[in-house]
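Chemist: quick one: sequence plus predicted model below, questions after.
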Amino acid sequence: MLPDGVTLHDGFLDAVAQIALVGALRTVAAVAPPRRMEAPNGRRMSVAMTSAGRVGWVTDRKGYRYEPRQMNGAPWPPIPAEALAIWRAVSGWDSDPDCLLLNHYAEGAKMGLHRDADEGEFAAPVVSVSLGDPARFRIGGLARRDSTKSFELRSGDVLVMGGASRLIWHGVDRIRYGVSPLLARGGRLNLTMRVVAG
Ligand SMILES: O=C(O)CCC(=O)C(=O)O
Ligand SMILES: [Fe+2]
């Protein structure tokens, strides 16, 4: 049983749709190369990240925030149509997201327990799409100390975190590196779409 507001669309994307989405994300990464950014505490994240959309999520010693431009001053690339189609199908929200955050997990990468709380619109859900190697995904509750449970996210799965669970704690314990043939360089891609401006 998942918490109220969390919906897992198991195997939402078939193999053809996964390949098309990976191709579109390759274009995003060519225009805005993923980087391992510094957390506010100075530690470099193991996940390499980039964005598409009106704003992109960044972190450095100054903190977590959304920026309208990349570090080099260029705008972020547009959110690919293949990703917007997923948002429109599952979000239940009547406008499009203004940020797509793209995460690449290489061997050994993980993401600590956190909340997606830098956005300006918490009524809109976060829609998360998994591609490539499987991940052990952990979710808790609204409080940091709430008990957690974990389940596997596989290539093609779409997870929606909204409603009463829009601000739940979640993270990725590990990936099972080398399982999926989807990505030429291996590892896992995750994209999340968010509404930053309310
Ligand atoms: O990789 C995932 O499945 C989760 C990513 C995530 O929580 C985030 O980017 O905020
Ligand atoms: Fe998150």
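Modeler: Alright, I've got the coordinates. Ligands and ions are numbered 1, 2, ... in the order given.
Chemist: flag every residue of this structure that's near ligand 1.
Modeler: 101, 103, 111, 116, 128, 130, 135, 137, 153, 170, 172, 190, 192 (Cβ under 6 Å from any ligand atom). C-beta coordinates here come from the backbone N, C-alpha and C atoms, glycine included.
Chemist: pick the one among those closest to residue 10.
Modeler: residue 153 (9.5 Å; Cβ to Cβ).
Chemist: does that closest one have beta-bridge partners, and which?
Modeler: Judged by DSSP bridges, the bridge partners of residue 153 are residue 135.
Chemist: also residue 193?
Modeler: residue 100, residue 127.
Chemist: residues contacting it?
Modeler: 79, 83, 86, 87, 91, 97, 99, 100, 101, 126, 127 (Cβ atoms under 8 Å, 6 or more residues apart in numbering).
Chemist: my guess is the first one contacts residue 88. True?
Modeler: No. With contact defined as Cβ atoms under 8 Å, residue 79 does not count as touching residue 88 (11.4 Å).
Chemist: what sits in contact with each of those two?
Modeler: Common contact partners of residue 79 and residue 88 (Cβ under 8 Å, 6+ apart): residue 96.
Chemist: give me the more crowded residue out of these two.
Modeler: Higher neighbour count among residue 79 and residue 88: residue 79, with 22 against 15, using other Cβ atoms under 10 Å.
Chemist: does the more buried one count as helix, strand or coil?
Modeler: Following DSSP: H, G, I helix; E, B strand; the rest coil, we place residue 79 in the coil state.
Chemist: likewise the one 5 residues further on?
Modeler: Here residue 84 is helix, with the state taken from three-state DSSP.
Chemist: from residue 158, how far off is residue 102?
Modeler: 15 Å (Cβ to Cβ, to the nearest Å).
Chemist: between the two, which one's more packed in?
Modeler: residue 102 (24 against 21).
Chemist: which residues does that one contact?
Modeler: Contacts of residue 102 were listed using Cβ under 8 Å, 6+ apart, and they are 25, 28, 29, 34, 49, 50, 51, 52, 189, 190, 191.
Chemist: now with 10 Å, please.
Modeler: Residue 102 makes contact with 25, 28-29, 32, 34, 47-52, 56-57, 83, 129, 131, 189-192, according to Cβ atoms under 10 Å, 6 or more residues apart in numbering.
Chemist: show me which of the residues you listed are buried.
Modeler: Buried members of the contacts of residue 102, scored by 16 or more other Cβ atoms under 10 Å, are 25, 28-29, 32, 34, 47-52, 56-57, 83, 129, 131, 189-192.
Chemist: among these, which are in helices?
Modeler: Cross-referencing those against helices under DSSP state H gives 25, 28, 29, 83.
Chemist: now, which of the buried ones among the contacts of residue 102 lie within strands?
Modeler: Among the buried ones among the contacts of residue 102, DSSP state E puts 48-52, 56-57, 129, 131, 189-192 in strands.
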